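Undergrad: Got a predicted structure here, sequence first:
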Amino acid sequence: MPVCRLLLLSLASTASLTLNATAQSTARVPERAVRRDIPITNSIRRAYAAGTRDSTGRPGRNYWQLRTDYTISARLDAPASRLTGHETVVLHNNSPDSVGQIVLRLDPNIFLGNTPQAAPWVPAEVTDGMVITRLTVNGVSVNLEASAGASADGARAAQAAAAAQSAQVPNQPTLLRAKTTSAQINLPTKLLPHSTTTLEIDWNHKLPGGPGVGHRMTQRWADTLYQPTQWYPRVAVYDDLRGWDTELYLGPSEFYNNFGKFDVRIDVPAGWIVSGTGVLQNPDEVLTPNARERIKRVLSTDSITQIVGPDEVGPGQATQRGAPIAGEEGDRLVWHFVADTVNDFAWATAKKYVWDMTRATIPGKGPVPITMVYLPGRAQFYARAGAVARHALEFYSKQWFPYQFPQLTLQDGPSAGMEYPMVINSNQGAADHETGHQWWPMTVSNNETWYGWMDEGFNQYMNVLSDADAKKEPANFDAYGQSYGGVSGNEAEAPMMWNANYDGPAFYGFTTYGKTPLMLSMLGGIVGDSAVQRAHREWAQAWMFKHPSPWDYMFFMSHALKRDLGWFWYYWLFTTESVDGSIQNSRTAAGKTTVTVRQDGQMPSPVVLEVKFAPGSQAIRPMKNAVMKDSLTAIVTYPVDVWFAGSKTFDAVLDFGARPIQRIRLDPSCRFPDRDPSDNFWPRSAAPAEPAQGQGGRRGPSCPA
Ligand SMILES: [Zn+2]
């Protein structure tokens, strides 16, 4: 039976091979391979090679950024809702690169209706987008014809794009993609390193109305109130990470802008109040003597001073009379604002704004004015706004660094809940949060489009601090970290390092706003909340008026906290994993209690156990890694390192002597992401009846005592 023997032989050898393979894989592949380093992508690798950034997390020795200085004259045609402008942009190429293009952000093109959008609420009104009628680079006319046809539909856009290649005229700069939100000027001669280039642009567009409120897609109420935002063609950021920022404006994700000076003249009908970024340069020309007299009192008191009341309407009452202009219906006034170093400019105007002012007192700096402009029928939304904005300016000044700007303005209108330098489109409802944005992105200028969490997320975290301070309560981040366990595992959630423009409608809000406080809650659970805030403060001060990347944040925080936190940043920012801790078992023998802790998730965490002792006379023996919270409660901590060998279970051996242990709880401060916190108790019957987490509204999730 040679065949059978052969078969047996071959079966035997297969079996032994299989056994060998199993033995080898068991030996080599851990249950859980914990990644401990921060992934480095090509963009940050390039920055490290160039020395513009480094692993200290501070700006590198060769750090640079562009500067763009704007001089803009804009005129509002109120009946037509049309804004017409002329602007000069001086572009300082502080990079070491010779640059063959200039990228322009033309955000009003999102209202064309045929541009890509990431949310159903854009656009509120379909318009003809940003119309550029003249554009020069260093005095040379730019060929605008290449993109002229690319407006109506996809086929024509594609045709025009194809035509654009042949439309490049030798020795003439050419504008491409002019009907998208990210246009490009191709240059016949490159911008040299450290050179200065001047652009002149004539433009106009219709300010979109429509039914929406609460976002920046509706910029007017009828033809009597306007809140123009992203309203002028601006030069995109060119940085050491990716060169030109060519990200489209898709609606939800916000902005990434260069710093520079803004000198802006806004021409509106006389009688209309104008507010905006910067400092008004010509109060004598536009404000009544009464208004100028009232403004003098503002900085001496915390109470509200009314500058223009609801009964002071029109030329000669709300404002100066203005100059009659030939061919015009009424008189007009030009309001002149200058802002020195800011990364954007926003303004508002209305036929019947009420204008109130108060002050905030900035530590080390003194009082700065707060302006509120709102419609007469909406005074109730501004009754507390001055006090909320003052608290925010003063609190965040102490928390991070003093407020950097000479004033703050709150503007009423449909776009409620938006932020610009020195300007928030907000009433009292969002005044704390929107004021917080003056720290990021207005001073620490993150790339919000990609990394919204460095803008909204940091802001959400500090709003918890401000909220507690306003109530004179301690801030409590317990339960925040744990609650992420209820989210983790959803394949629709993108990691925070993913480009937030593409986070998707279901998770954009969570990834950009909600998740960062959860992450920093866990970090506080490891190093303490005050240490997190101290390190964050040092990071913020190192990057004022600069553009930090997430890697700068991760490395800076690890250094400042003197911890190897690569694993922490990896799991929170590059994955959507959680810890999923539990107590599997606890047994006592020979005076020692062995607690078997398991982590089912991919993210590791330190092991923190709360041990409750029975009352009694036996001494509780001290343990090196334990602190007594009270006479019957010990907190025992094992570092995250206990997981690095690759097991998903860890035996914590409690050696407290003969005093009986009544119950044990894992992660008692609820800081580590956990799908099911009810299995964190031993005995299991000690778990509270209600689940530990709930998306508990404004006060956040809860951690049962
Ligand atoms: Zn925000």
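TA: Good, I have the coordinates.

Undergrad: what's the strand or helix carrying Ile635 in contact with?
TA: For Ile635, the host element (DSSP states H and E) is strand 633-638. Where contact means Cβ atoms under 8 Å, 6 or more residues apart in numbering, the residues beyond strand 633-638 that reach it are 606-613, 620, 623, 625-629, 650, 652, 654, 656, 668. Backbone N, C-alpha and C define where each C-beta goes, glycine included.

Undergrad: That one: which residues count as buried?
TA: By 16 or more other Cβ atoms under 10 Å, the buried positions in strand 633-638 come out as Ala634, Ile635, Val636.

Undergrad: Now Trp498: closest residue in space that isn't a chain neighbour?
TA: Of all residues not flanking Trp498 in the chain, Thr511 sits nearest, at 7.8 Å (Cβ to Cβ, 6 or more residues apart in numbering).

Undergrad: May I have the phi/psi pair for the one you found?
TA: The phi/psi pair for Thr511 (degrees, to the nearest 10) reads phi -70, psi -40.

Undergrad: before we move on, back to that, switch the buried residues of strand 633-638 over to JSON lines; also include pLDDT.
TA: Converted to JSON lines, the buried residues of strand 633-638 look like this (pLDDT from 0 to 100):
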{"residue": "Ala634", "pLDDT": "98"}
{"residue": "Ile635", "pLDDT": "98"}
{"residue": "Val636", "pLDDT": "98"}
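
Undergrad: Please type out the PyMOL selection for whichever of the contacts of strand 633-638 turn out to be buried.
TA: Per 16+ other Cβ under 10 Å, the buried members of those correspond to this PyMOL selection:
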select buried, resi 606+607+608+609+610+611+612+613+620+623+626+650+652+654+656+668
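
Undergrad: Which of the contacts of strand 633-638 fall within strands?
TA: Counted as lying in strands by DSSP state E, out of those, are 607-613, 626-629, 650, 652, 654.

Undergrad: what separates Gln184 from Val142, distance-wise?
TA: To Val142, Gln184 is 11 Å away according to Cβ to Cβ, to the nearest Å.

Undergrad: Report the set of residues contacting both of the two.
TA: With contacts taken as Cβ under 8 Å, 6+ apart, Gln184 and Val142 have Leu175 as neighbours in common.

Undergrad: who's more crowded, these two?
TA: Just comparing Gln184 and Val142: by other Cβ atoms under 10 Å the higher neighbour count belongs to Val142, 24 against 20.

Undergrad: Report pLDDT for the more buried one.
TA: In the predicted model, Val142 carries a pLDDT score of 97.

Undergrad: Ile661 now?
TA: pLDDT recorded at Ile661 is 97.

Undergrad: what does the one 10 residues further on give?
TA: At Arg671, the predicted lDDT confidence score is 98.

Undergrad: ok so, going back, and the buried residues of strand 633-638 as a markdown table, adding distance to Tyr232?
TA: Shown next, in a markdown table, are the buried residues of strand 633-638 (distance: Cβ to Cβ, whole Å):
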| residue | distance to Tyr232 |
| --- | --- |
| Ala634 | 62 |
| Ile635 | 56 |
| Val636 | 59 |
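
Undergrad: Any chance of the backbone angles for the most centrally placed residue in the chain?
TA: Closest residue to the average C-alpha location of the chain: Asp455 at 1.7 Å, with Cα atoms, centre = their mean. Dihedral pair for Asp455: phi -110, psi -70, per degrees, to the nearest 10.
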